[in-house]
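Novice: Everything below, folded, please.
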Amino acid sequence: MPSENLVPFRWPSEWKSAAQLSLVAATPINCLLCDNPAVAAAARQAGLTVIDPKTAAPAPLADVKWDAPPAPRVIGGLVWPSVRMSPSARRDTAQAGPTGAPWIDSNAWVAHLARVRAKGSPLWLSFEAEQKKSMLDTAAYLTALADSAAAGARWIVSLDPSLQHGIATGNSAALQTWGVIIRMLQFFEDNRRWAAWEPWGALGVLSTFKGDHEFFGQEVLNLSARRNLHYRVLDRTAPPPARPLEHLRAILYVDAEAPTPQWKTALTEFAQQGGQLILPQLIAAQFPGAAAAPAAVAGYQLRSCGRGRIAAATRDWDDPYFLAQDAHSLVSRMNDPVRIFNARSLWEHYSESPDTRTAVLQLVGFSSRPFDSVSIRATRPWKSATLHMAGSPPTRLSTVTVDGKVEYHLPDFSNFSALEFNS
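Specialist: The predicted model follows:
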């Protein structure tokens with residue numbers, strides 16, 4: 001079976017019997033990471049792909065061999081997607097970021113960067129729950145699946161020890177959780193086309209994302225995602241791409257290092273044709289412009305450059321959180337492809353089909369409570385919008401006009417929903 005069609009599952013060490021393969025029969029799971037010889041033999045006979053976990057050992061993002069022969073790239077060193085809980089606060093109290101919003105841990109930014117480096121190879125994310133006495137609730141697994149799938153990757157489904165034991169012993173709650181996991185897996189496989197669509201946003205984030213620029217560049221991606229800033233990853237170690245630059249409103253040049261001649265030419269042309277360059281203080285002098293003036297965002301000067309402009313930093317960048325905030329303000333939320341209201345603890349993933357005639361907004365929930373009163377305003381005038389939720393048939397949404405703007409009002413949902421736009 002082609003590697004891009006494999007749906008991986010880490011076979012629990014507690015499951016010793018080949019008879020337990022019935023648990024994955026007639027499910028989307030078609031690939032086992034398994035080192036039990038008897039189970040592996042029976043699985044192969046049943047038509048499943050079996051991989052020795054040692055040969056698919058996860059590697060941190062910096063150590064992945066991107067030039068290896070085509071095969072799934074297995075990335076480790078990741079977090080369990082969740083709202084980070086405060087260690088000093090009472091139980092179930094979320095830790096907040098600098099703005100007071102819940103601090104969310106997600107692997108989506110890793111997947112976005114990995115997609116650029118993998119050049120079409122499948123991406124598998126490897127992370128497991130911390131060892132706990134109690135079984136993780138169903139919502140935790142749905143968020144883990146959605147956080148990976150919405151970013152175009154697959155999670156190597158891995159069960160916590162309590163759930164492994166509960167399923168093996170026929171515990172009804174554990175079996176119910178397993179059934180919900182399978183249904184969510186099936187939902188994402190049924191809508192796998194979304195995974196091939198390109199993440200789309202007004203801002204391009206340009207860096208090598210490695211070496212001296214690894215921490216700062218990657219944290220800008222992470223923290224931009226936390227504030228639902230829709231961006232596209234631009235890898236400075238590769239030649240400038242054509243189409244992505246044409247559709248951007250701004251490019252954030254993160255590294256305090258001169259661009260290659262190719263990139264300098266591409267960036268200059270981008271600004272002259274109407275784009276905005278956001279440049280660090282040390283690099284801004286290499287991009288001359290006219291009529292410097294203070295920007296509305298503190299710490300920047302604006303210079304015209306052809307039909308576009310340059311936002312030149314007047315101080316060194318030392319905090320990726322505030323750089324992500326500055327970039328969002330300079331680009332303006334008005335240029336976001338969608339605007340979402342009442343979206344606390346929701347992460348947004350927006351991508352477009354290759355012909356740009358269809359787009360999907362995937363919403364990943366990081367709260368155990370249902371999301372209600374969520375409304376969406378699309379920048380582009382789409383002809384229709386269809387709501388997708390696991391366990392429910394697709395539903396075409398009607399539009400609502402609010403203050404002269406067209407919006408879509410979503411019904412209550414938990415963990416995940418997607419809105420597919422069509423022109």
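Novice: in the stretch 51-200 of the chain, what spans have low per-residue confidence?
Specialist: 85-101, 131-135 (pLDDT under 70).
Novice: Tell me where it has helices.
Specialist: Remark: helices assigned in the stretch 51-200 of the chain by DSSP state H, counting those that start in this stretch are 108-118, 138-149, 161-168, 172-190, 193-196.
Novice: for those, which one ends up most surrounded?
Specialist: helix 138-149 (a mean of 24; mean count of other CB atoms under 10 Å). The way it works is simple: take the backbone N, C-alpha and C, and place the C-beta from them, glycine included.
Novice: quick one: that helix to helix 161-168, angle?
Specialist: If you take axes from the mean of the first three to the mean of the last three CA atoms, to 10 degrees, helix 138-149 sits at 110 degrees to helix 161-168.
Novice: okay if I get the helices of the stretch 51-200 of the chain as CSV plus distance to Leu221?
Specialist: Listed next are the helices of the stretch 51-200 of the chain as CSV, based on distance: least, CB to CB, whole Å:
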stretch, distance to Leu221
helix 108-118, 4
helix 138-149, 15
helix 161-168, 31
helix 172-190, 23
helix 193-196, 19
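Novice: out of those, which comes closest to Pro28?
Specialist: helix 172-190 (4.6 Å; CB to CB).
Novice: That closest one vs helix 161-168, what angle?
Specialist: When the same axes, to 10 degrees is applied, the directions of helix 172-190 and helix 161-168 differ by 100 degrees.
Novice: For helix 172-190, what is the distance to the chain centroid?
Specialist: 21 Å (CA atoms, centre = their mean, to the nearest Å).
Novice: Would you tell me what helix or strand the residue lying closest to Leu223 once chain neighbours are set aside is located in?
Specialist: Closest residue in space to Leu223, ignoring its immediate chain neighbours: Ala324 at 4.3 Å, by CB to CB, 6 or more residues apart in numbering. Taking DSSP states H and E as the definition, Ala324 sits inside helix 320-331.
Novice: Next, report how far that helix is displaced from the centre of its chain.
Specialist: 19 Å.
Novice: what's the answer for stretch 302-322, then?
Specialist: The answer for stretch 302-322 is 26 Å, by CA atoms, centre = their mean.
Novice: could you dump that stretch to CSV, C-alpha only?
Specialist: The C-alpha coordinates for stretch 302-322 follow below in CSV (Å, rounded to 0.1, in the frame of the first residue of the first chain):
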residue,chain,number,x,y,z
LEU,A,302,7.3,52.8,7.1
ARG,A,303,9.0,53.4,3.8
SER,A,304,7.4,53.3,0.4
CYS,A,305,8.8,50.8,-2.1
GLY,A,306,7.2,50.9,-5.5
ARG,A,307,3.5,50.2,-5.0
GLY,A,308,4.3,48.5,-1.6
ARG,A,309,6.0,49.4,1.6
ILE,A,310,8.7,48.4,4.0
ALA,A,311,8.1,48.2,7.8
ALA,A,312,11.6,48.5,9.2
ALA,A,313,12.2,47.7,12.8
THR,A,314,13.8,50.5,14.8
ARG,A,315,14.9,48.1,17.6
ASP,A,316,16.2,44.6,17.8
TRP,A,317,13.7,41.8,18.0
ASP,A,318,14.2,39.9,21.2
ASP,A,319,10.8,38.3,22.0
PRO,A,320,9.1,36.1,19.4
TYR,A,321,5.7,36.6,21.2
PHE,A,322,5.7,40.3,20.6
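Novice: Please point out which parts of it sit buried.
Specialist: Using 16 or more other CB atoms under 10 Å as the test for burial, stretch 302-322 gives 302-303, 305, 308-313, 317, 320-321.
Novice: between these, which is nearest Pro53?
Specialist: Nearest to Pro53 among the buried residues of stretch 302-322, with distances taken as CB to CB, is Pro320, at 34.2 Å.
Novice: Now do the contacts for that closest one.
Specialist: 216, 219-220, 222-223 (CB atoms under 8 Å, 6 or more residues apart in numbering).
Novice: Same question for Lys264.
Specialist: 258, 286-287.
Novice: got it, and Asn228?
Specialist: Contacts of Asn228 by CB under 8 Å, 6+ apart are 340, 343, 346-348.
Novice: Ser367 now?
Specialist: Taking CB under 8 Å, 6+ apart as the definition, contacts of Ser367 comprise 83, 102, 344-345.
Novice: So which of the residues you listed are in strands?
Specialist: Using DSSP state E, the members of the contacts of Ser367 that fall in strands are Val83.
Novice: hmm, back to that, state the pair within the contacts of Asn228 that is farthest apart.
Specialist: Farthest pair in these, by CB to CB: Ile340 and Trp347, 10.3 Å.
Novice: Between those two, tell me which one has more neighbours.
Specialist: Ranked by neighbour count (other CB atoms under 10 Å), Ile340 and Trp347 place Trp347 first, with 22 against 18.
Novice: which residue sits closest to that one in space, ignoring its chain neighbours?
Specialist: In this structure, Trp347 finds its nearest non-sequential neighbour in Val364, 4.6 Å apart by CB to CB, 6+ apart.
Novice: Report the inter-axis angle for the host helix or strand of Ser351 versus helix 138-149.
Specialist: If you go by DSSP H and E, Ser351 is part of strand 346-352. Between strand 346-352 and helix 138-149, the angle comes out at 30 degrees (the same axes, to 10 degrees).
Novice: Separate out the buried members of the contacts of Lys264.
Specialist: Buried among the contacts of Lys264 (16+ other CB under 10 Å): Phe287.
Novice: ok, of the contacts of Lys264, which one's closest to Tyr231?
Specialist: Distance to Tyr231 across the contacts of Lys264 (CB to CB) is lowest for Phe287, with 20.6 Å.
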